[in-house]
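1. predicted model follows, preceded by the sequence.
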Amino acid sequence: MSAGQTPPRLSRATAFPGQATPPVRMVHLGLGAFHRSHQAWYTQHAGDAADWGIAAFTGRRPDAAEILTEQDGVFTVVERSGVGDSFELIGSIVEAVDGSDVRRLAGLVAAPSTVVVTLTITEAAYAAAGAETPLARLVTALAARKDADAGPIAVVSCDNLAENGLVARKAVQALAEATDPALGEWINANVSFVSTSVDRITPRTTPEDLVEVAEQCGYRDEAAVVAEPFHNWILSGDFPGGRPRWEEAGAIFVEDIEPYENRKLWLLNGAHSILAYAGLVRGHATVAEALSDDVCRSAVEAFWDEASRHLPDEGLDIPGYRKALLDRFGNSRIAHHLTQIAMDGTTKLRMRALPVLAAERTQGRSGDGAARMIAAWIAYLSATEDFQDPLVDDIRTAKAHDGEQRTAALLALLSPGLAGDSALVSHIHRQQDAIAAPRTHA
Ligand SMILES: NC(=O)c1ccc[n+]([C@@H]2O[C@H](COP(=O)([O-])OP(=O)(O)OC[C@H]3O[C@@H](n4cnc5c(N)ncnc54)[C@H](O)[C@@H]3O)[C@@H](O)[C@H]2O)c1
Ligand SMILES: O=P(O)(O)OC[C@@H](O)[C@@H](O)[C@H](O)[C@H](O)CO
């Protein structure tokens, strides 16, 4: 290709010449960056990848489906380490569909050959109401499967939620029972809800990333994703209709997922929330930048010390995990923007800060580290009008107060009980000043 020439668009024929397209046996809801870097990557690396194609549906807009369809579902994972990038073509997504096409979703879920549904719909979407939500669409599709007598199926939540399989089950059951009690019974008997802990830092792709792929790979890929080299997938639950041999790609199947879930949600995602809120208040833009600020870093370490007390010692290697996290967060070649992590704080902090705060207080300690995460969130909300949250209206109402009253009103959105503890409210209120304090240099 000579300089100035536009490279050709990526296609399945050029990416995987002579290879058969895997048949659809999985459906995914929430065709975002993470699905591509994680479940699609694991499926391609499974021992029996040739047997497992994914039909992936977008959430709110058709764009990602349209872009992927133009390149036959094929895309590049850019694995970005601290020293360089490597590029891998992924072909496991064989159909990309606009999420509003519920007819196609129902048709695929009603096919006996489809036996797994995976979800990356964001934490907030599990509580969202309305016919346009991904879970309402899934219930419509499961009704079609029941009518077709297509047999049992597994639903696998891959969102950062504690007990995500259970949360998905409750939400789906409630929606089904509200429309048709018989469907609720069928789901109870035929749908297995699998819990997972998922991990691979995958920031939003930038236009510069797409230019780099074109330059380095010689093709145009509008759906490329950038991810760190690290990846982890821990699963617990049944797959009554079968599944890809993901264990051959490194996935781990366990009986009790809770310790792994808590380790990841508290240590990784909890630290991310601290870095996001404290970092933005202190003028940083990315995780790596925030981590290099002592105020943010010491807030993370204090929270980790508390959280680690409530994780089992055996088998989790907490010191090693913490050290690895510092390396992963410090990878400044991954521009993980704090604004992305800061979204939907009420949903996230209930899972990242509150369990550790409660566990510390039960044992007679202050829970200062967890309280600092909440203080950082309040400092962030106080400093901006530009935030996204499912409780946006309640947050705006709470923000109309001043001083400790504002702190109490915002805390009440996370936990009304805690907001009634005036000593805790004062403590969280005072912590906000320390978070905003100017950086001191040695
Ligand atoms: N990006 C990561 O590093 C990462 C890592 C582990 C887990 N996750 C999980 O995956 C989820 C998605 O992350 P992503 O990076 O792919 O995000 P993304 O923004 O690229 O994609 C999210 C997908 O969900 C849809 N969606 C978002 N909010 C929705 C709503 N309220 N209702 C319906 N659909 C909605 C979007 O349209 C999109 O299809 C996260 O919320 C998290 O739970 C992400
Ligand atoms: O994806 P969210 O919005 O739940 O949380 C933001 C980040 O903490 C998260 O995406 C992590 O990068 C990810 O969980 C790492 O595996």
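-> Nice, I can see it. Ligands and ions are numbered 1, 2, ... in the order given.
2. could you confirm whether stretch 309-325 reaches ligand 2?
-> No: using Cβ under 6 Å from any ligand atom, we find that stretch 309-325 stays clear of ligand 2, coming within 9.9 Å at best. Yep, even glycine has a C-beta here, placed from its N, CA and C like the rest.
3. now that stretch, how far from the centre of its chain.
-> A distance of 21 Å separates the centroid of the chain from that of stretch 309-325, by Cα atoms, centre = their mean, to the nearest Å.
4. now it: mean pLDDT?
-> On average, the pLDDT along stretch 309-325 is 94.
5. for that stretch, how far is the first residue from the last?
-> End-to-end distance for stretch 309-325: 17 Å, by Cα to Cα, to the nearest Å.
6. OK, contacts around whichever residue of the chain sits closest to ligand 1?
-> Residue of the chain nearest ligand 1, by Cβ to the nearest ligand atom: residue 32 (1.9 Å). Residue 32 is in contact with 59, 64, 120, counting by Cβ atoms under 8 Å, 6 or more residues apart in numbering.
7. does residue 226 lie in a helix or a strand, and which?
-> Per DSSP states H and E: residue 226 is located in strand 225-227.
8. neighbouring strands - and their directions - for the helix or strand following that strand?
-> Next in sequence after strand 225-227, counting helices and strands by DSSP H and E, comes strand 232-236. Note on strand 232-236: by DSSP bridges, its sheet partners are strand 191-199 (antiparallel), strand 252-253 (parallel).
9. give me whichever of these is most buried.
-> strand 191-199 (a mean of 23; mean count of other Cβ atoms under 10 Å).
10. quick one: contacts of it?
-> Residues contacting strand 191-199 (Cβ under 8 Å, 6+ apart): 34, 38, 142, 152-160, 163-166, 168-169, 172, 230-240, 257, 260-261, 263-265, 268.
11. please repeat the previous calculation with a cut-off of 7 Å.
-> Contact partners of strand 191-199, identified using Cβ atoms under 7 Å, 6 or more residues apart in numbering, comprise 38, 142, 152-158, 163-166, 168-169, 231-240, 257, 260-261, 264, 268.
12. filter the residues you listed down to the buried ones.
-> 38, 142, 153-158, 163-165, 168-169, 231, 233-237, 239, 257, 260-261, 264, 268 (16 or more other Cβ atoms under 10 Å).
13. list the beta-bridge partners for the closest residue to residue 104 other than its chain neighbours.
-> Closest residue to residue 104 apart from its sequence neighbours, by Cβ to Cβ, 6 or more residues apart in numbering: residue 97 at 5.3 Å. Beta-bridge partners for residue 97, by DSSP bridges, are residue 57.
14. thought residue 97 was touching residue 55?
-> Yes: at 6.3 Å, residue 97 counts as touching residue 55 under the criterion of Cβ atoms under 7 Å.
15. and whichever residue of the stretch 251-400 of the chain sits closest to ligand 2, what does it touch?
-> Proximity of the stretch 251-400 of the chain to ligand 2 (Cβ to the nearest ligand atom) peaks at residue 272, 3.5 Å away. Applying Cβ under 7 Å, 6+ apart to residue 272 gives the contacts 287, 341.
16. how many residues are close by the closest residue to ligand 2 within the stretch 1-150 of the chain?
-> Closest to ligand 2 within the stretch 1-150 of the chain is residue 123: 5.7 Å, counting by Cβ to the nearest ligand atom. Each residue near residue 123 was counted by other Cβ atoms under 10 Å, and the total is 22.
17. can you tell me how far it is from residue 345?
-> 11 Å (Cβ to Cβ, to the nearest Å).
18. quick check: closest non-adjacent residue to residue 200.
-> Nearest to residue 200 is residue 231, by Cβ to Cβ, 6+ apart, at 4.3 Å.
19. pretty sure the one you found is touching residue 246, no?
-> No: contact between residue 231 and residue 246 fails when scored by Cβ under 7 Å: they sit 11.3 Å apart.
20. hang on, the earlier thing: out of the contacts of strand 191-199, who's near ligand 2?
-> Answer for these near ligand 2 (Cβ under 6 Å from any ligand atom): residue 268.
21. mind listing which of the contacts of strand 191-199 are in helices?
-> Under the assignment DSSP state H, the contacts of strand 191-199 contribute 142, 164-166, 168-169, 260-261 to helices.
22. and the two most separated of those?
-> The span of the ones in helices among the contacts of strand 191-199, defined through Cβ to Cβ, is set by 142 and 260 at 27.9 Å.
23. any idea whether the residue of the stretch 251-400 of the chain closest to ligand 2 is helix, strand or coil?
-> The assignment at residue 272 comes out as helix when based on DSSP: H, G, I helix; E, B strand; the rest coil.
24. which pLDDT value belongs to it?
-> According to the prediction, residue 272 has pLDDT 98.
25. buried ones in stretch 57-69?
-> Result for stretch 57-69 [16+ other Cβ under 10 Å]: buried residues 57-59, 62, 64-65, 67-68.
26. er, stretch 78-86 actually
-> 78-80.
27. same deal with stretch 283-290?
-> For stretch 283-290, the neighbour count (16+ other Cβ under 10 Å) marks 284, 286-290 as buried.
28. list the contacts for the residue nearest to residue 256 when sequence neighbours are not counted?
-> In this structure, residue 256 finds its nearest non-sequential neighbour in residue 236, 7.1 Å apart by Cβ to Cβ, 6+ apart. By Cβ under 7 Å, 6+ apart, residue 236 lies in contact with 194-195, 254-255, 257.
29. ok, now residue 204?
-> Listed by Cβ under 7 Å, 6+ apart, the contact set of residue 204 reads 33, 340.
30. repeat that for residue 259.
-> Residues in contact with residue 259 (Cβ under 7 Å, 6+ apart) are 311-312, 316.
31. where exactly do the helices run in the stretch 251-400 of the chain?
-> Assigned helices in the stretch 251-400 of the chain, in chain order: 258-262, 271-281, 287-291, 294-308, 318-329, 338-342, 345-352, 354-362, 368-383, 392-399 (criterion: DSSP state H, counting those that start in this stretch).
32. what would those look like in JSON lines with distance to ligand 1?
-> JSON lines is the format used below for these (distance: least, Cβ to the nearest ligand atom, whole Å):
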{"stretch": "helix 258-262", "distance to ligand 1": "12"}
{"stretch": "helix 271-281", "distance to ligand 1": "9"}
{"stretch": "helix 287-291", "distance to ligand 1": "11"}
{"stretch": "helix 294-308", "distance to ligand 1": "18"}
{"stretch": "helix 318-329", "distance to ligand 1": "11"}
{"stretch": "helix 338-342", "distance to ligand 1": "8"}
{"stretch": "helix 345-352", "distance to ligand 1": "9"}
{"stretch": "helix 354-362", "distance to ligand 1": "17"}
{"stretch": "helix 368-383", "distance to ligand 1": "17"}
{"stretch": "helix 392-399", "distance to ligand 1": "12"}
